[in-house]
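K.L.:
only the shape, not the letters, is given here:
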């Protein structure tokens with residue numbers, strides 16, 4: 001059993017349908033009113049039926065006051081890391097310090113290539129992501145010196161850092177394979193898998209890879225946030241009233257501390273924020289209190 005002791009977060013995954021921009025913004029506003037912590041938008045720039053993710057997040061920032069924002073996950077091959085750093089730094093300043101960044105290496109390879117992006121092998125994708133994480137951190141950092149980088153996949157002859165974010169932006173990574181998981185253990189602030197790709201029964205083995213890499217590089221595994229894109233019917237199963245027990249179990253046995261729900265249902269958004277989230281928080285708190293007393 002692995003409970004990393006992180007504070008729990010609950011969020012919404014919004015479908016950025018181009019035909020319904022008002023609905024997209026209304027769902028984000030409802031998520032905030034319902035007490036959710038995060039709102040995220042999938043980033044598929046090659047899908048013209050979807051609104052562009054960073055534009056949507058900026059619009060959501062203008063319509064909300066508290067809820068935090070991130071792309072789920074940013075498509076790195078189609079977003080050069082220097083530009084992505086400036087976009088997320090700008091979003092953080094516009095939103096008053098509410099932006100985070102989740103990165104993906106570009107899982108839809110043929111779609112990326114069709115859009116004019118690079119045709120990378122899995123190994124090249126891992127190497128490019130490692131370079132990008134280093135560059136993004138440097139460009140969002142506190143240093144004043146120009147950033148120079150001459151890598152295999154990216155080059156920065158001389159780039160000035162900024163815009164400075166209001167708060168330290170976390171870098172979360174959507175990843176499946178061992179090489180990417182080791183990269184998270186070395187550089188990342190969080191792991192973001194989806195229940196459709198990594199079911200609960202497979203979490204422990206992949207968590208172990210992240211933890212081992214973190215320890216190898218002198219990091220505390222508990223400092224790496226574990227997020228999870230839910231898919232009702234896959235996980236969790238059953239009616240919403242049965243979800244808290246399932247999420248509590250995943251929090252205390254697998255260390256998942258951020259649960260993200262994809263839905264356009266106003267009733268389900270409200271239930272997730274006002275009923276599911278408080279019940280899970282209370283259950284995990286009871287477990288942690290009991291564990292502390294036992295020690």
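P.N.:
It's in. It should be emphasised that the depicted structure is a prediction, and the values quoted were computed from it without experimental measurement.

K.L.:
ok, now which ones touch residue 115?
P.N.:
By CB atoms under 8 Å, 6 or more residues apart in numbering, the residues touching residue 115 are 45-46, 78. Yep, even glycine has a C-beta here, placed from its N, CA and C like the rest.

K.L.:
which one of these is nearest to residue 9?
P.N.:
When the contacts of residue 115 are compared for distance to residue 9 (CB to CB), residue 45 wins out at 26.3 Å.

K.L.:
residues in contact with the closest one?
P.N.:
Residue 45 neighbours (CB under 8 Å, 6+ apart): 52-53, 75, 78-79, 115.

K.L.:
next one: residue 221
P.N.:
4, 185, 210-211, 214-215.

K.L.:
quick one, which of the residues you listed are buried?
P.N.:
Buried by 16 or more other CB atoms under 10 Å: 4, 185, 210-211, 214, out of the contacts of residue 221.

K.L.:
phi, psi of residue 190?
P.N.:
Here is the backbone geometry of residue 190 (degrees, to the nearest 10): phi -170, psi 160.

K.L.:
from residue 6, how far off is it?
P.N.:
With distances taken as CB to CB, to the nearest Å, residue 190 is found 9 Å from residue 6.

K.L.:
which helix or strand contains residue 202?
P.N.:
Taking DSSP states H and E as the criterion, residue 202 maps to helix 200-216.

K.L.:
what's downstream of that helix, the next helix or strand?
P.N.:
strand 225-229.

K.L.:
run the chain-centre distance for that following strand.
P.N.:
7 Å (CA atoms, centre = their mean, to the nearest Å).

K.L.:
again with stretch 51-58
P.N.:
15 Å.

K.L.:
what about that stretch, average pLDDT?
P.N.:
For stretch 51-58, mean pLDDT is 97.

K.L.:
how about stretch 171-184?
P.N.:
Rounded mean pLDDT across stretch 171-184 is 96.

K.L.:
from the chain's centre, how far out does that stretch sit?
P.N.:
12 Å.

K.L.:
can you give me the helices for the stretch 101-250 of the chain?
P.N.:
109-114, 122-139, 178-187, 200-216, 243-254 (DSSP state H, counting those that start in this stretch).

K.L.:
and the ones you listed: which comes nearest residue 60?
P.N.:
Per CB to CB, nearest to residue 60 of these: helix 122-139, 21.4 Å.

K.L.:
and the angle from the closest one to helix 178-187?
P.N.:
Helix 122-139 runs at 20 degrees relative to helix 178-187, counting by axes from the mean of the first three to the mean of the last three CA atoms, to 10 degrees.

K.L.:
packing partners for helix 122-139?
P.N.:
helix 81-95, strand 101-104, strand 147-150, strand 171-174, helix 178-187 (3 or more CB pairs under 8 Å, 6 or more residues apart in numbering; DSSP states H and E).

K.L.:
give me the sheet partners of the third one and which way each runs.
P.N.:
To tie it back to what came earlier, the one meant is strand 147-150. Strand 147-150 pairs in its sheet with strand 155-159 (antiparallel), by DSSP bridges.

K.L.:
on that earlier part again, output the buried ones among the contacts of residue 221 as JSON lines; include the columns distance to residue 260.
P.N.:
As requested, the buried ones among the contacts of residue 221 are exported to JSON lines (distance: CB to CB, whole Å):
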{"residue": "4", "distance to residue 260": "17"}
{"residue": "185", "distance to residue 260": "21"}
{"residue": "210", "distance to residue 260": "18"}
{"residue": "211", "distance to residue 260": "22"}
{"residue": "214", "distance to residue 260": "22"}
